[in-house]
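>>> What would the 3D arrangement of this be:
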Amino acid sequence: MSIHILAIESSCDETAASVISDGKVVNNIIATQDIHEKYGGVVPELASRVHQQNIVPVVTEALKQANINISDVNAVAFTRGPGLLGSLLVGVSFAKGLSLARNIPMIEVNHMQAHILAHFIDDPKPEFPFICLTVSGGHTQLVLVREFLDMEIIGQTKDDAVGEAFDKAAKIMGLPYPGGPLIDKYAKEGDPEKYSFPPAEIPGLDFSFSGIKTAILYFLRDELKGNPEFINENLNDICAGIQQSLINMLMDKLRKAVKQTGINRVALAGGVSANSGLRSALTSEAERKGWQTFIPAFEYCTDNAGMIAMAAWYKYQANEFVDLSVSAEPRLKF
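Numbering: from 1, shown residues only. Below you'll find the predicted structure:
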């Protein structure tokens with residue numbers, strides 16, 4: 001008899017559902033939220049309300065596409081954290097209701113671990129151990145992955161995440177939200193050497209991005225004093241400089257991690273792993289250093305339920321279930 005797990009992702013502003021059957025992710029249904037664009041960032045209260053509107057239709061579509069009924073589901077998985085509390089609560093509450101109604105077990109999933117386990121949805125899959133650079137709007141981490149459920153953070157940001165640095169830089173330039181993908185777009189047409197920004201000097205494998213955000217702000221402020229059209233006239237070059245500076249900081253720590261651990265299998269994960277400049281930098285470095293690299297498909301870079309389903313499958317095999325006392329954890333650690 002086949003084992004079907006329904007997975008729910010609601011950590012930020014995407015409502016997603018996925019069905020995994022016998023270890024194979026069958027689908028990945030995502031409802032995005034456009035309401036936040038006019039506010040220049042995610043509004044938590046609005047996000048949780050839209051999740052409530054979307055979750056039933058999204059789950060219904062996931063079951064329909066998987067050609068199963070709710071009675072065929074053997075377990076329900078959900079993102080426990082990290083994320084926005086109101087958003088997480090929608091997914092957690094739905095999972096609890098389904099667990100009670102169908103008398104099926106629940107599986108909690110760490111959102112950041114799920115990003116890493118997205119590498120096991122499709123081929124090629126990395127062998128253990130490997131190093132994963134996990135980059136998103138809320139996190140920047142270097143993770144030593146020993147096994148499916150055995151991971152250790154060996155480096156992380158001390159302040160802001162690299163995804164936030166991209167979005168804040170875009171906002172300073174007056175670009176609409178989300179600005180990170182727009183910087184990537186404009187950077188392709190710019191000269192990355194024309195403008196550069198100093199990296200933060202942080203010991204070990206940790207990161208810091210607050211300083212470079214301030215440097216970008218002061219640089220643009222000073223240039224606009226002399227030329228109010230400076231950003232418009234140099235947008236591509238500015239974006240190229242910002243992108244290269246941020247990527248250089250990531251790659252510098254990644255090189256150190258490979259050298260310290262002796263592990264040359266390297267993976268990318270998280271929303272910022274969709275950045276074309278970062279993908280290109282990793283590919284080029286791999287060719288020079290002989291690394292094995294693993295980059296997920298675009299649909300599994302940003303928040304999605306397919307990665308939650310994959311993580312849940314390994315937890316199901318390990319009999320790692322939770323009861324109804326479980327609660328959302330916005331700052332959930334590994």
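>>> where does the stretch 1-150 of the chain dip in pLDDT?
Applying pLDDT under 70 to the stretch 1-150 of the chain picks out residues 35-36, 38-39.
>>> Now do the same contact list for the nearest residue to Asn264 once chain neighbours are set aside.
For Asn264, ignoring the flanking residues on the chain, the nearest one in space by C-beta to C-beta, 6 or more residues apart in numbering is Trp291 at 4.7 Å. C-beta: built from backbone N, CA, C; applies to glycine. Applying C-beta atoms under 8 Å, 6 or more residues apart in numbering to Trp291 gives the contacts 258, 264-266, 285.
>>> Looking at those residues, which two lie furthest apart in space?
Pairwise distances across the contacts of Trp291 (C-beta to C-beta) peak at 13.2 Å, for the pair Arg265 and Glu285.
>>> In contact with the nearest residue to Leu84 once chain neighbours are set aside, which residues?
Nearest non-adjacent residue to Leu84, counting by C-beta to C-beta, 6+ apart: Pro44, 4.8 Å away. Neighbouring residues of Pro44 by C-beta under 8 Å, 6+ apart: 84-87.
>>> Please convert the buried members of these into ChimeraX selection syntax.
Filtering the contacts of Pro44 down to the buried ones (16 or more other C-beta atoms under 10 Å) takes a single ChimeraX command:
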select :84,85,86,87
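>>> from the contacts of Pro44, which is closest to Val143?
Leu84 (22.2 Å).
>>> Helix or strand next in line after the helix ranked longest in the chain, which one?
For the chain, the longest helix by residue count, based on DSSP state H, is helix 230-261. Next helix or strand after helix 230-261 toward the C-terminus (DSSP states H and E): strand 265-269.
>>> centroid residue for this structure?
Gly270 (2.7 Å; C-alpha atoms, centre = their mean).
>>> Quick check: closest non-adjacent residue to it.
Residue nearest to Gly270 in three dimensions, not counting chain neighbours: Ser136, with 3.7 Å by C-beta to C-beta, 6+ apart.
>>> Next one: that neighbour from Gln260, what distance?
23 Å (C-beta to C-beta, to the nearest Å).
>>> now do Phe197
26 Å.
>>> got it, and Val26?
Separation of Val26 from Gln260 (C-beta to C-beta) stands at 39 Å.
>>> Thought Gly83 was touching the residue nearest to Gly270, still the case?
No: judged on C-beta atoms under 8 Å, Ser136 makes no contact with Gly83 at a distance of 10.7 Å.
>>> From the neighbour counts alone, determine which of the two ranks first.
Taking neighbours as other C-beta atoms under 10 Å, Ser136 and Gly83 compare with Gly83 leading, 27 against 24.
>>> What residue, apart from its backbone neighbours, is nearest that one spatially?
Here the nearest residue to Gly83 in space, its sequence neighbours aside, is Ser11; by C-beta to C-beta, 6+ apart that works out to 2.9 Å.
>>> so the one you found, which of the three states?
Following DSSP: H, G, I helix; E, B strand; the rest coil, we place Ser11 in the coil state.
>>> surely it meets Arg80?
No: in this structure Ser11 lies outside contact range of Arg80 using C-beta under 8 Å: 9.1 Å.
>>> overlap in contacts of the two?
Taking C-beta under 8 Å, 6+ apart as the criterion, Ser11 and Arg80 both touch 88, 111.
>>> ok now do the residue nearest to the centre of the chain, which residues does it touch?
Residues 112, 115, 134-136, 139, 163, 301 are the ones in contact with Gly270 under the rule C-beta under 8 Å, 6+ apart.
>>> can you pick the most crowded of the residues you listed?
His115 (31 neighbours).
>>> show me the contacts for it.
Contacts of His115 (C-beta under 8 Å, 6+ apart): 134, 136, 269-270, 307.
>>> can you list those in TSV and add distance to Arg221?
Listed next are those as TSV, based on distance: C-beta to C-beta, whole Å:
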residue	distance to Arg221
Thr134	32
Ser136	28
Ala269	34
Gly270	30
Met307	39
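>>> quick one, strands of the stretch 151-300 of the chain?
In the stretch 151-300 of the chain, the strands defined using DSSP state E, counting those that start in this stretch lie at 265-269, 292-294.
>>> Sheet-wise, list the partners of the longest one with their directions.
In its sheet, strand 265-269 lies beside strand 130-135 (parallel), strand 292-294 (parallel), with partners assigned from DSSP bridges.
>>> for these, which one ends up most surrounded?
Comparing the strands paired with strand 265-269 by mean neighbour count (mean count of other C-beta atoms under 10 Å), strand 130-135 ranks first with a mean of 25.
>>> Dump the C-alpha coordinates for that one into CSV.
Only the C-alpha atoms of strand 130-135 are listed here, as CSV (Å, rounded to 0.1, in the frame of the first residue of the first chain):
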residue,chain,number,x,y,z
PHE,A,130,28.1,18.1,1.9
ILE,A,131,28.2,21.8,2.6
CYS,A,132,25.1,23.8,1.9
LEU,A,133,25.0,27.6,1.5
THR,A,134,21.5,28.5,2.5
VAL,A,135,20.6,32.0,1.5
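>>> relative to helix 230-261, how tilted is the following helix or strand past that strand?
Sequence-wise, the next helix or strand downstream of strand 130-135 (DSSP H and E) is strand 140-147. Compare the direction of strand 140-147 with that of helix 230-261 by axes from the mean of the first three to the mean of the last three C-alpha atoms, to 10 degrees and you get 30 degrees.
>>> Lovely, talk soon.
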